[in-house]
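Participant: need the 3D shape of this:
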Amino acid sequence: MPFSDLKERLTDNINHSIRTAGGIALLSVQTFRDLFTRPFYFGLTAEQVTIMGLDSLLLVAITGLATGSVMALQFGYA
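Facilitator: Numbers count the residues shown, from 1 in each chain. Coordinates of the predicted model:
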């Protein structure tokens with residue numbers, strides 16, 4: 001029975017990987033198609049870039065500081 005469990009897990013992992021790759025490919029195709037389809041929403045795009053980029057800068061800085069502190073501590077012991 002251990003072989004059938006291994007086969008089932010391997011099959012599930014392969015199916016999951018194929019579905020994930022297919023989803024990424026589909027998203028990429030839709031994104032590139034919509035980039036060149038009218039109407040163009042430059043204002044909304046700029047707003048979203050600002051919201052996702054500049055407004056998350058504080059969170060990124062805090063996360064980087066915490067990660068850097070832990071890495072410095074760990075490398076200090078080495």
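Participant: longest helix of this structure, counting residues only.
Facilitator: helix 2-35 (DSSP state H).
Participant: averaged pLDDT, it. What do you get?
Facilitator: Confidence for helix 2-35, expressed as mean pLDDT, is 92.
Participant: equivalent analysis for stretch 51-69, please.
Facilitator: 93.
Participant: okay, now residue 68: neighbour count?
Facilitator: 10 (other CB atoms under 10 Å). For glycine as for every other residue, the C-beta is placed from the backbone atoms N, C-alpha and C.
Participant: and stretch 5-23, what's buried?
Facilitator: Buried residues in stretch 5-23, counted by 16 or more other CB atoms under 10 Å: none are found.
Participant: so what are the domain limits for this structure?
Facilitator: 1-37, 41-78 (automatic domain parsing).
Participant: straight-line length of the last one, end to end?
Facilitator: With CA to CA, to the nearest Å as the measure, domain 41-78 spans 52 Å from end to end.
Participant: sec struct for residue 62, please.
Facilitator: Using DSSP: H, G, I helix; E, B strand; the rest coil, the secondary structure recorded for residue 62 is helix.
Participant: since that was my last question, I'll sign off now.
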